[in-house]
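Enquirer: quick one: sequence plus predicted model below, questions after.
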Amino acid sequence: MRHTISILVDNEPGVLARIAGLFSARGFNIESLCVAETLDPTTSRITLVTSGDDWIIDQIIKRFNNMINVIKVQDLTELTHVEREMLLVRMEATTETRAEILRTADIFRARVVDVGPKSYTLELTGDKEKITAFLELLRPMGIKEIARTGSVALAREIQNYAKIGDKK
Amino acid sequence: MARMIGAEMFFHTLIDQGVEVIFGLPGGYVLKVYDVMPKYSKSIKHVLSRHEQGATHMADGYARASGRPGVVLCTSGPAATNTVTGIATAQMDSSPVVVFTGQVPTPYLGSDAFQEADHIGITRPCTKHNYLVRKTADLPRAMKEAFHIASTGRPGPVLVDMPKDVLIGEDEFVIPEEVNIRGYKPSTKGHPGQVKRAMEMILSAKRPIIFGGGGLIWSNASEELKEFARRLQIPVTLTLMGLGAYPANDPLFISMLGMHGSYGANMAVHESDLIISIGARFDDRATGGNFAKFAPNAKIIHVDIDPSTIDKNIRVHCPIVGDARLILRQLIELIPAEIKADRREWFGRIAQWAKEHPLTYRQEGDKIKTPFVIDALSKITKGEAIIVSDVGQHQMWVAQFYKFTRPRTHITSGGLGTMGFGFPAAMGAKFARPDELVVSVAGDGSFQMNMQELATAVENRMDLKIIVLNNRHHGMVRQWQTMFFNKNYSASYFEVLPDFVKLAESFGAKGIKVTRPDKLEATLKEGLYTEGVVLMEVVVDHEEMVYPMIAPGGAMNEMILEDTETKITVESVDMA
């Protein structure tokens, strides 16, 4: 199962290597990883997406918690949370496709961030499914290259909404 | 506040941390530390090892014998990489070793300078934590944190990398009053609700067993363990790392468990209905490695300071995270005044297993059998010496036949299985506890891996005994080749060995040799009670095998009990 894990760490050299090392040493794969400073410049937030069964995820989280530079770990998958990633995609723009690219971008609320004689570069923010759907629609029109950030995520303030129905 | 250079801060901080001895070897980027060292020689003794791996094992042996951090000092590059085996050894057995390495000056970091290696990168996976100090003023704080991290929670090795400019730079010496690391708050006491639940499980169990590990020793929990086991009348078995935590001569003790554990201990674990595991991590050598078939009818209470060991190999029913000694105290407080448990049947079965297949050996013929040596050593020293074993067959026989009566007297590389650990670790143990009889018990293979430290031992006028059990083979390798590789003895025989007696003499130590069983006792007595560094070479039978044995990947009730020509089939050897 896919898990989004949020890790608050010391903003110091080498911390990312410790996090990544835990994965490489055990042969686990990181699907995506985002790191940036938080409001407190001494800490960074890492949003990491990985896949594994409950045992693997449990081990990963415990190992993170053991690390001296890790301040807090949250498996957001267990919580209601918002998750977004950003996509930059450069499209081949020919006379035939120009209009269609812009129409598709409009439907997804993507923005044009660069225009050249032969290309458009679009920016889109959304969850993984939205980004994937957008790319699938663009693919037949000729994608030149893409860059994706990977997910960033935060837990929602109110956790109960989704669980109200489950309560006994 | 005094102004001083980094190298001086290094010693002031060591003194502040109560360090009395360091093990090391000088070189380029730490020369300033060695330059100021004589000023501090009244407070801190430096032991000059002949190889940095030796120094690291010495520090590890010192830590295991004393419970206090062992300290290593060496230079960069090859010196630092030489410590890596020692660091990984300490990590696997949770030993607090603090390693200080010199490093190229900060402006040259990453430039492939002379004797440069990425110590932080190389040791990241095998340390509990490591530090690259970038400013002279930061050195005391980094060192204090290193000692704190190494010796608290689940202990482990910490490396502090000190670039040359940090060591020669000058600044105010300020050592922080307290250590406050926001990401590091190891738990100590157990969760009261879990402790209560555990006691309920214990009181209702019919066939309980205590499964103790090295955590008992690191948390100094032996007294509590004795009280707990005796009041509740629960049999005790220990892992290799736990030996000594409970006296071997106590009627509740049923010997070591695991791959070469006793039949009785392994059967008792397998047949129990409640396993109370304290400071053990259910590794493949302790459980046989077949986690699916482990103790099928048992509920498991798992007491461990490291939450990541919980549910790692074995699913447990009642985890309690915290310090073994404190949790045992909490449990003891909950023991009711009157206990109604009737364990006659359970103790009867345990006694029966022990009677059916006791740990045993046959000393016959004119060749000395290694278990006979260990048995004699145990009897001569009344189970009271500090025995530091190496890795291989002799290590298992030490675990089976030496009757350890006190904690911190059995020292061995359990997790990493580092051949060459024993002799330097014995030296470290002797520095930690100079008034005790310390015996390094090694095989010929293991001893050759760090025998250069004989020079260090003699140089320090140590009173240290070394028994080299010489069977001219990598004995355990040979045993596996006998059992699992159709007796294809590939590369397990030594055509050339040193003359160990002359070798000892060439270093200025005393060497004696024994080949006949009837001379063994006299030779051991002579060697053990002669002052100075004494190497006793005991020529032993190379065909002797260690039994019982759980084949790798087996369950705990599937033991090979003796030498038979029956072909042994193993479903999977992937845990080998």
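Expert: Looks like it came in fine.

Enquirer: with adjacent residues omitted, what lies nearest to residue A:62?
Expert: Of all residues not flanking residue A:62 in the chain, residue B:308 sits nearest, at 3.8 Å (CB to CB, 6 or more residues apart in numbering or on different chains). Heads up, the C-betas are built off the backbone N, CA and C, glycines and all.

Enquirer: that neighbour: what's it in contact with?
Expert: Under the criterion of CB atoms under 8 Å, 6 or more residues apart in numbering or on different chains, the neighbours of residue B:308 are A:59, A:62-63, A:65-66.

Enquirer: check residue B:198 too.
Expert: Taking CB under 8 Å, 6+ apart as the criterion, residue B:198 is in contact with B:276, B:301, B:303, B:318, B:320, B:331.

Enquirer: farthest-apart pair in these, please.
Expert: Farthest apart among the contacts of residue B:198 by CB to CB are B:318 and B:331. That separation is 11.4 Å.

Enquirer: so for those two, which residue has more residues nearby?
Expert: Legend: neighbour count by other CB atoms under 10 Å in any protein chain shown for residue B:318 and residue B:331, higher for residue B:331 (25 against 19).

Enquirer: was I right to think the more buried one contacts residue B:195?
Expert: Yes - with contact defined as CB atoms under 8 Å, residue B:331 counts as touching residue B:195 (6.0 Å).

Enquirer: measure the closest residue to chain A within chain B to residue A:157 for me?
Expert: In chain B, no residue comes nearer to chain A than residue B:308, which is 3.8 Å away by CB to the nearest CB. Applying CB to CB, to the nearest Å, the value for residue B:308 to residue A:157 is 30 Å.

Enquirer: ok, which stretches of the stretch 51-200 of chain B are helices?
Expert: B:52-66, B:78-82, B:84-92, B:119-123, B:139-151, B:164-168, B:192-204 (DSSP state H, counting those that start in this stretch).

Enquirer: looking at those, which one is packed in the most?
Expert: helix B:52-66 (a mean of 30; mean count of other CB atoms under 10 Å in any protein chain shown).

Enquirer: for that helix, give the mean pLDDT please.
Expert: Averaging pLDDT along helix B:52-66 gives 98.

Enquirer: send the alpha carbons of it over as CSV?
Expert: The C-alpha coordinates for helix B:52-66 follow below in CSV (Å, rounded to 0.1, in the frame of the first residue of the first chain):
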residue,chain,number,x,y,z
GLU,B,52,43.0,0.9,14.7
GLN,B,53,40.7,-2.1,14.5
GLY,B,54,42.5,-3.4,17.6
ALA,B,55,42.0,0.0,19.3
THR,B,56,38.3,-0.1,18.6
HIS,B,57,37.8,-3.6,19.9
MET,B,58,39.8,-2.6,23.0
ALA,B,59,37.4,0.3,23.6
ASP,B,60,34.5,-2.0,23.0
GLY,B,61,35.8,-4.6,25.5
TYR,B,62,36.4,-1.8,28.0
ALA,B,63,32.8,-0.7,27.5
ARG,B,64,31.3,-4.2,27.9
ALA,B,65,33.4,-4.9,31.0
SER,B,66,32.7,-1.6,32.7
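
Enquirer: buried residues in the longest strand seen in chain A?
Expert: In chain A, taking DSSP state E as the definition, the longest strand is strand A:81-92. Across strand A:81-92, burial judged by 16 or more other CB atoms under 10 Å in any protein chain shown covers A:81, A:83-91.

Enquirer: which among the residues you listed gets closest to chain B?
Expert: Nearest to chain B, judged by CB to the nearest CB, of the buried residues of strand A:81-92 is residue A:81 at 22.4 Å.

Enquirer: just checking, that closest one touches residue A:155?
Expert: Yes - contact criterion CB under 8 Å: residue A:81 and residue A:155 qualify, at 4.7 Å.

Enquirer: if we can go back for a sec, show me which of the contacts of residue B:308 is closest to chain B.
Expert: Chain B lies nearest to residue A:62 out of these, by CB to the nearest CB, at 3.8 Å.

Enquirer: secondary structure class for that closest one?
Expert: helix (DSSP: H, G, I helix; E, B strand; the rest coil).

Enquirer: would you confirm that it contacts residue B:319?
Expert: No - look at residue A:62 against residue B:319 with CB under 8 Å: they stay out of range, at 11.1 Å.

Enquirer: which ones among the contacts of residue B:198 are found in helices?
Expert: residue B:331 (DSSP state H).

Enquirer: identify the residues contacting stretch B:438-445?
Expert: Here stretch B:438-445 makes contact (CB under 8 Å, 6+ apart) with B:65, B:374, B:377, B:381, B:385-394, B:398, B:419, B:422-423, B:425-427, B:429-430, B:464-475, B:494, B:497, B:500, B:528.

Enquirer: now the buried members of the residues you listed.
Expert: In those, the ones that pass as buried (16+ other CB under 10 Å) are B:65, B:374, B:377, B:381, B:385-394, B:398, B:419, B:422-423, B:425-427, B:429-430, B:464-475, B:500, B:528.

Enquirer: run through the neighbouring helices and strands of the longest helix seen in chain A.
Expert: If you go by DSSP H, chain A has its longest helix at helix A:128-142. In this structure, helix A:128-142 makes packing contacts with strand A:81-92, helix A:98-107, strand A:119-126, strand A:143-148, judged by 3 or more CB pairs under 8 Å, 6 or more residues apart in numbering or on different chains; DSSP states H and E.

Enquirer: now render those as a markdown table, adding mean pLDDT.
Expert: Formatted as a markdown table, the helices and strands packed on helix A:128-142 follow (pLDDT from 0 to 100):
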| stretch | mean pLDDT |
| --- | --- |
| strand A:81-92 | 96 |
| helix A:98-107 | 95 |
| strand A:119-126 | 97 |
| strand A:143-148 | 97 |
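
Enquirer: domain assignment for chain B?
Expert: B:3-172, B:192-356, B:370-547 (automatic domain parsing).

Enquirer: same question for chain A.
Expert: Under automatic domain parsing, the residue ranges defining each domain of chain A are A:2-79, A:82-153.

Enquirer: mean confidence (pLDDT) on the longest one, please.
Expert: If I follow you right, that is domain A:2-79. 93.

Enquirer: how far off centre is it?
Expert: Offset of domain A:2-79 from its chain centre (CA atoms, centre = their mean, to the nearest Å): 13 Å.

Enquirer: how about the residues of chain A that lie near chain B?
Expert: A:9-10, A:13-14, A:17-18, A:21, A:25, A:55, A:58-59, A:62-63, A:65-71 (CB under 8 Å from any CB of the partner chain).

Enquirer: out of the residues you listed, which are inside helices?
Expert: Those of the residues of chain A next to chain B lying in helices (DSSP H): A:17-18, A:21, A:25, A:55, A:58-59, A:62-63, A:65-66.

Enquirer: quick check: the farthest pair among these?
Expert: Maximum distance among these (CB to CB): 24.9 Å, for A:17 and A:55.

Enquirer: grab the most central residue of chain A for me.
Expert: Central residue of chain A (CA atoms, centre = their mean): residue A:151, 1.0 Å from the mean position.

Enquirer: so that one touches residue A:47, yeah?
Expert: Yes - with contacts counted by CB under 8 Å, residue A:151 reaches residue A:47, the gap being 5.6 Å.

Enquirer: shared neighbours, these two?
Expert: A:4, A:34.

Enquirer: re earlier: helix/strand/coil for the residue of chain B closest to chain A?
Expert: helix.

Enquirer: tell me how far it lies from residue B:63.
Expert: For residue B:308, the distance to residue B:63 - CB to CB - is 22 Å.

Enquirer: quick one on the thing from earlier: residue contacts, the residue nearest to the centre of chain A?
Expert: Contacts of residue A:151 by CB under 8 Å, 6+ apart are A:4, A:32, A:34, A:47, A:49, A:83-85, A:127-128.

Enquirer: buried among these? Make that a ChimeraX selection.
Expert: Per 16+ other CB under 10 Å, the buried members of the contacts of residue A:151 correspond to this ChimeraX selection:
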select /A:4,32,34,47,49,83,84,85,128
